Every structure is written in structure tokens, then in C-alpha cells.
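Q: Below is the sequence, then the predicted model.
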Amino acid sequence: MTEVTEGMTPGTGVLLLFAVAVVVFAVVVLRKSIRIVPQAQAWLVERLGRYQRTLSAGIHLLIPFVDKVRANVDLREQVVSFPPQPVITSDNLVVSIDTVIYFQVTNPVAAVYEIANYIQGIEQLTVTTLRNVIGSMDLEQTLTSRDQINGQLRGVLDEATGRWGISVRRVELKAIDPPSSVQDSMEKQMRAERDRRAAILTAEGIKQSQILKAEGEKQAAILTAEGQAQASILKAQGDSRAILQVFDAIHEGDADPKLLAYQYLQMLPQLAQGPSSKLWIIPAEFTEALAGMGKAFGPAEGGKTPRQPNAATRALASMAFGEVSLEDPAEALRRARGAADAATTDASQAGTGTGLPFNPAQAAGQAPSAPRHADAPPIPPRPAPGEGPTSDGPY
């Protein structure tokens, strides 16, 4: 190295320094002449201190030492969160509100040359607009009108920042914090409201349960009454059928004083069944029943067989076990006339069986309302019991 330096002349050293300076200058010029702009950015170029043009994404050539990049503007949507700001409501309560702003630069030239710091300008404009909007509302409206507040803030900010080349996309209230004393009162109010709603729901539940219980009892009472009514109807129908059956059986068996005497004897033990019975009630017909007891189990007088049921009795017996229902009056009249004709026929046959001819005039004279003929023969006296014709005769 010492040898090379010693071999160089002063002119050679100057040339070498000049070459190095030229290379450095060329590199600097090249670097200042060629600029590459990234995507979603805009570069503002000034020529000799005056705005010249805006460079978009891509490669660009500049005049070195004449053109200068003034600012680099981000064209993407940006989000800025501002610290909480104290705001006074219309009911003189101080609430702390912090906001979030979504905005985008639409005109880089205006954003750079129209305002010195657009972020600070947006913040101060948001605070003043928020105080104006909240100052016309009370605390209750402030807490429940977030959408309305957001809309008013966005409209005012978008209009004011339009000349700055900024578009406000959205404004959000991140938090609204009332004073601690107010928060305690609100919590108590909410707790009382919830307790009131719980009491109302409980009362409504009790009311509904009582209504359902009353409706159930009502339905049960109705069903019980219907069941009792049906049972009473069926019992009455059964009693009516039993009475008809007993009545028809008595007529079929041609009951006489002997049977009644036997029934009296059966009822006497039942009269003395009561433990406190001190007095026996003997019916007035008891002596007559005792008079017929001697004949109760003996043969019939005259050796005659019991009377057979006539046609009218058989017709009545056939009707005993039918359904008890109301029939047509014409049909009932026709049936009554048929029974009357049958009874007349039986009476005629019974009179013939006694050996005496049937006298229609005499039968008509027995009617209470029919006048008696002057030429009619006298009515024979009625024979005593056990004498003369039997009960099958005209009497």
C-alpha cells in the first residue's frame, strides 16, 4: 500500500477522488429520481416548494433536487379512539363519554393543505358536537338514545370534515359512565323494578292457578251433578219398573184377603225390631186379616181354581216391562179404547159363564151418569162373600 501510494502522483489522487464523488452523486441522483409508492398510499410532490402532483401506487420519476415529496397520506379507513370527555346533561349530571371515530381520507391534497392536523381537528370537533348533543338530553335519554347520538355526531362531523378531504364513516359511543352516586341509585331502581316485576309475575301465577283450580272444581261439580241426576233418573226408572212389576204381579195373581193377611203376619216381626220400641201400632184392618187367616192355607171354597188373568190384565202385564216414555195422545186413546173393548168382552163372557144372560140395559144402568129404563128388570142383590157366583161373574 505504501508502495502504491508512493507510486501515485498528485494528479492521480485528484482523479480518484473525483471519480468517487461522481459515483456517490449518481447514486444520490438516482435515488431521488426514482420513487416507488406502495398500494393504498398517496404521495404529494412539491416542486421548488409548490404543490406539483400526487403520486399514486407504482413507480415514478422525479427531478432530483427540484421535486420533493411533501407528505405520505394513508388512503385506508382509519379508526381513532378518543379519551373520555366530561359532558353535562340537561339535568345537570356530569357523565364521562369516550368515542370511536371511523374515517377515511378521500382527498389527500385537502387533508394536507387545508388543516395542519386532521386527527386533532376531528377530536376537538367530536368533543364540541358531543357536548351540544348531550346538553339537550337528560341522563335517561342519554343512556337509551345511543343510535340517535351516533347519527347526529356522524352528520355534523361528516359535514365539517368534508372540506378537509375526510369522510367520517361511523361514530360510536364506546362508554357512557354516570357518577358513582347515580350508578348506585340506578342499580337500586333496577333492583326495585325487578322485584316489582317478580311480584307481579308471582301474583299472576297465583291468580292463574286459582282460576284453573276454580274451573276444575266447577267442572267437577257439574260432572258430579250430572252423575247424580243420571243416577236419580235411573233410580226413578228402576223404582217405576219395580212398582209396575209388583202391581202387575198382584193383578196376575188375583190377590185376595188371604194374601193380605199373610202380608200382615210378615210385617208384625218388623214392627218389634227397634230396641226402643215401647208401643206397637196395629192397623185397623188387622182383625179382618185374622178373620181370613183360617182360610189362608185351606182349599178354595167350592173347589174352584183361581181365576185366570183376563185379556186386559195380560195386556197391562205386557206393558209393565217396557221403557217408560211419553207416547202419542192418539195412540194412547186407541190403546185405551182397545183395553175398554177387551174388558167389555171379558165381562160378557163372565156373565154368560154364570148361567145368566148378559143384559146390556142392566150394564148401562150401572153407570152413574146413565138413566135407568123404566122397563128394566130389578137388579138382583149382591151375594155375600163365599156365596153365589164367584168373582168371575158380572160383579
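A: Now that the structure is in, tell me what you want to look at. Numbering: from 1, shown residues only.
Q: From here on, just use CA atoms for contacts and neighbour counts.
A: OK.
Q: what's the first-to-last distance across stretch 156-170?
A: From the first residue to the last, stretch 156-170 extends over 12 Å; the measure is CA to CA, to the nearest Å.
Q: can you list contacts of stretch 110-122?
A: When contacts are defined by CA atoms under 8 Å, 6 or more residues apart in numbering, stretch 110-122 is touched by residues Ala71, Val105, Leu157, Thr161, Arg163, Trp164, Gly165, Ile166.
Q: and the residue lying closest to the fourth one once chain neighbours are set aside, what are its bridge partners?
A: Nearest residue to Thr161 in three dimensions, chain neighbours excluded: Ser167, at 6.7 Å (CA to CA, 6 or more residues apart in numbering). Applying DSSP bridges to Ser167 gives these bridge partners: Gln104.
Q: what do you get for the one 10 residues further on?
A: According to DSSP bridges, Ser96 are recorded as the beta-bridge partners of Asp177.
Q: if I pick it, what's in contact with it?
A: Applying CA under 8 Å, 6+ apart, we find Asp177 in contact with Val95, Ser96, Ile97.
Q: got these as CSV, with pLDDT columns?
A: Conversion of the contacts of Asp177 to CSV gives the following (pLDDT from 0 to 100):
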residue, pLDDT
Val95, 90
Ser96, 90
Ile97, 90
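Q: Let's have those in CSV, adding distance to Arg131 and neighbour count.
A: Converted to CSV, those look like this (distance: CA to CA, whole Å; neighbours: other CA atoms under 10 Å):
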residue, distance to Arg131, neighbour count
Val95, 10, 20
Ser96, 11, 16
Ile97, 10, 21
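Q: quick one: the strands in the stretch 51-200 of the chain?
A: With DSSP state E, counting those that start in this stretch as the criterion, the stretch 51-200 of the chain has strands at 58-61, 67-74, 78-81, 85-88, 94-105, 166-177.
Q: Those strands: which one's closest to Leu201?
A: Leu201 lies closest, by CA to CA, to one member of the strands of the stretch 51-200 of the chain: strand 166-177, at 31.9 Å.
Q: between the closest one and strand 94-105, how many degrees?
A: Taking axes from the mean of the first three to the mean of the last three CA atoms, to 10 degrees, one finds strand 166-177 and strand 94-105 inclined to each other by 160 degrees.
Q: Check which residues of strand 166-177 are buried.
A: By neighbour count with 16 or more other CA atoms under 10 Å, strand 166-177 contains the buried residues Ile166, Ser167, Val168, Arg169, Arg170, Val171, Glu172, Leu173, Ile176, Asp177.
Q: Per-residue confidence, the second one, what does it come out as?
A: In the predicted model, Ser167 carries a pLDDT score of 92.
Q: Just confirm it contacts Thr106, I think it does.
A: Yes - under the criterion of CA atoms under 8 Å, Ser167 is in contact with Thr106, at a separation of 6.6 Å.
Q: Which strands or helices does the longest helix anywhere in the chain pack on?
A: What stands out as the longest helix in the chain, according to DSSP state H, is helix 180-252. Counting contacts by 3 or more CA pairs under 8 Å, 6 or more residues apart in numbering; DSSP states H and E, helix 180-252 packs against helix 311-318.
Q: what about 6 Å?
A: In terms of contact count using 3 or more CA pairs under 6 Å, 6 or more residues apart in numbering; DSSP states H and E, helix 180-252 is assigned no packing partners among helices or strands.
Q: Next, the angle strand 166-177 makes with it.
A: 70 degrees.
Q: what sits opposite Val79 in the beta ladder?
A: On the basis of DSSP bridges, Val79 is bridged to Tyr102.
Q: what about it, neighbour count?
A: Burial of Val79, expressed as a neighbour count using other CA atoms under 10 Å, amounts to 14.
Q: Hmm, it is touching Tyr102, no?
A: Yes - applying CA atoms under 6 Å, one finds Val79 in contact with Tyr102, separated by 4.7 Å.
Q: what about the longest helix of the chain, average pLDDT?
A: Average pLDDT, helix 180-252: 87.
Q: Kindly report the same for stretch 9-25.
A: Across stretch 9-25, pLDDT averages out at 81.
Q: picking up where we left off before, just give me the closest of the buried residues of strand 166-177 to Arg146.
A: Arg146 has its nearest neighbour among the buried residues of strand 166-177 in Leu173, at 7.0 Å by CA to CA.
Q: Leaving aside the residues adjacent along the chain, what's closest to that closest one?
A: Using CA to CA, 6+ apart and skipping residues adjacent in sequence, the residue nearest Leu173 is Thr99, 4.6 Å away.
Q: hmm, back to that, and which of the contacts of Asp177 is nearest Glu140?
A: For Glu140, the nearest member of the contacts of Asp177 is Val95. The distance, counting by CA to CA, is 11.6 Å.
Q: for the residue lying closest to that closest one once chain neighbours are set aside, phi and psi?
A: Excluding the flanking residues, the one nearest Val95 by CA to CA, 6+ apart is Pro178, at 4.5 Å. Phi and psi for Pro178, reported as degrees, to the nearest 10, are phi -80, psi 170.
Q: Now do Pro178 against Thr9, distance only.
A: Pro178 sits 86 Å away from Thr9 when distances are taken as CA to CA.
Q: Please identify which of the two sits among more neighbours.
A: Under the criterion of other CA under 10 Å, the comparison of Pro178 against Thr9 puts Pro178 first, with 19 against 10.
Q: count of neighbours near Leu75?
A: With other CA under 10 Å as criterion, Leu75 counts 17.
Q: Let me see the contact set for it.
A: For Leu75, the contact set (CA atoms under 6 Å, 6 or more residues apart in numbering) comprises Ala40, Gln41, Val105.
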